[in-house]
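1. My questions are about this predicted structure, shown below with the sequence.
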Amino acid sequence: MTLKDFVVVTGHYGCGKTNFSINLALEYAEKGRKVTIVDMDLVNPYFRTSDYREMLESKGIEVIAPVFGHTNLDIPSLPASMYSIFDSKDMVIVDVGGDDVGSTVLGRFRPKFEGLDYDMLYVVNRFRNLTATPEEAVEVLEEIKAVSGLSPTGLVNNSHLMAETDAHIIAEGIEFAKKIGELTGLEIKCNTIRRDLDEAGLTKEFPNEPFYPIDMYVKVCW
């Protein structure tokens with residue numbers, strides 16, 4: 001998967017944005033890139049990139065997070081370093097809060113995006129509430145675009161059912177993402193798949209689909 005040096009990751013709550021962002025950061029760091037990952041989730045206190053700061057920093061990845069990230073406080077406050085990412089020469093990955101509420105913070109930086117060469121990826125998960133149909137997923141996308149003033153450049157299909165994921169679930173997720181692509185005109189950048197399922201050869205049943213193997217760092221409660 002080829003991406004620009006500045007990547008914004010958006011989507012519905014619980015779609016897997018943070019886990020995808022972490023995998024992306026680790027991949028580029030392993031390739032020798034200097035990576036900065038930005039936790040821009042000022043709304044959801046549960047699945048924040050900053051909760052994995054120690055692991056990420058051990059790999060040489062810089063973590064920029066809200067001032068009160070990784071504490072029991074949930075006060076929207078942006079550190080000064082968050083403004084510096086737009087002048088960075090490193091690989092920058094921005095993990096944005098879910099839905100239009102979480103993406104509102106992007107609106108603060110809209111002028112910074114003018115003239116910036118970036119990718120904005122919309123992560124979808126067929127098996128999450130409120131985005132169970134392509135039409136619902138598109139509605140959430142339109143809300144994100146409205147509050148951020150930015151338009152996604154591609155889709156990431158992260159449809160899965162944890163341990164229950166099999167070829168049928170994968171196929172259902174792919175068709176779901178393709179329908180969203182038809183409705184929006186967005187390209188599917190990749191279909192994520194758990195690394196163990198990829199190593200087991202499950203992707204061979206879908207030879208023409210772009211897959212992106214991921215490890216599960218974010219532990220969910222469903």
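-> Perfect, I can see it now. Residues are numbered from 1 along each chain as shown.

2. least trustworthy helix or strand in the chain by mean pLDDT?
-> helix 99-108 (a mean of 81; mean pLDDT, DSSP states H and E).

3. what's downstream of it, the next helix or strand?
-> Next along the chain after helix 99-108, taking DSSP states H and E as the criterion, comes helix 110-113.

4. can you pull the buried residues of that next one?
-> Neighbour-count burial for helix 110-113, counted by 16 or more other C-beta atoms under 10 Å, picks out F113. Placement of C-beta: from N, CA and C, glycine included.

5. angle of the next helix or strand after that helix against helix 99-108?
-> Of the helices and strands lying after helix 110-113 in sequence (DSSP H and E), the nearest is strand 119-124. Compare the direction of strand 119-124 with that of helix 99-108 by axes from the mean of the first three to the mean of the last three C-alpha atoms, to 10 degrees and you get 170 degrees.

6. tell me which residues in the longest helix anywhere in the chain are buried?
-> Determined from DSSP state H, the single longest helix within the chain is helix 167-184. By 16+ other C-beta under 10 Å, the buried positions in helix 167-184 come out as I169, I170, G173, I174, F176, A177, K178, K179, I180, G181, T184.

7. How much space separates R194 from Y212?
-> Counting by C-beta to C-beta, to the nearest Å, the gap from R194 to Y212 is 11 Å.

8. one step back: between the buried residues of helix 167-184, which sits nearest E142?
-> Set against E142, the nearest of those by C-beta to C-beta is T184 (9.0 Å).

9. Secondary structure element holding the nearest residue to the closest one once chain neighbours are set aside?
-> Distance criterion C-beta to C-beta, 6 or more residues apart in numbering; nearest residue to T184, sequence neighbours excluded, is V138 at 6.1 Å. Element membership for V138 (DSSP H and E) is helix 134-148.

10. Which residue ranges of the chain form strands?
-> Secondary structure of the chain (DSSP state E): strands at 6-11, 35-40, 62-64, 91-96, 119-124, 154-157, 188-194, 211-214.

11. JSON lines for these, including distance to A146 and mean neighbour count?
-> Listed next are the strands of the chain as JSON lines, based on distance: least, C-beta to C-beta, whole Å; neighbours: other C-beta atoms under 10 Å:
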{"stretch": "strand 6-11", "distance to A146": "13", "mean neighbour count": "26"}
{"stretch": "strand 35-40", "distance to A146": "18", "mean neighbour count": "25"}
{"stretch": "strand 62-64", "distance to A146": "26", "mean neighbour count": "20"}
{"stretch": "strand 91-96", "distance to A146": "14", "mean neighbour count": "26"}
{"stretch": "strand 119-124", "distance to A146": "14", "mean neighbour count": "25"}
{"stretch": "strand 154-157", "distance to A146": "18", "mean neighbour count": "24"}
{"stretch": "strand 188-194", "distance to A146": "22", "mean neighbour count": "21"}
{"stretch": "strand 211-214", "distance to A146": "28", "mean neighbour count": "19"}
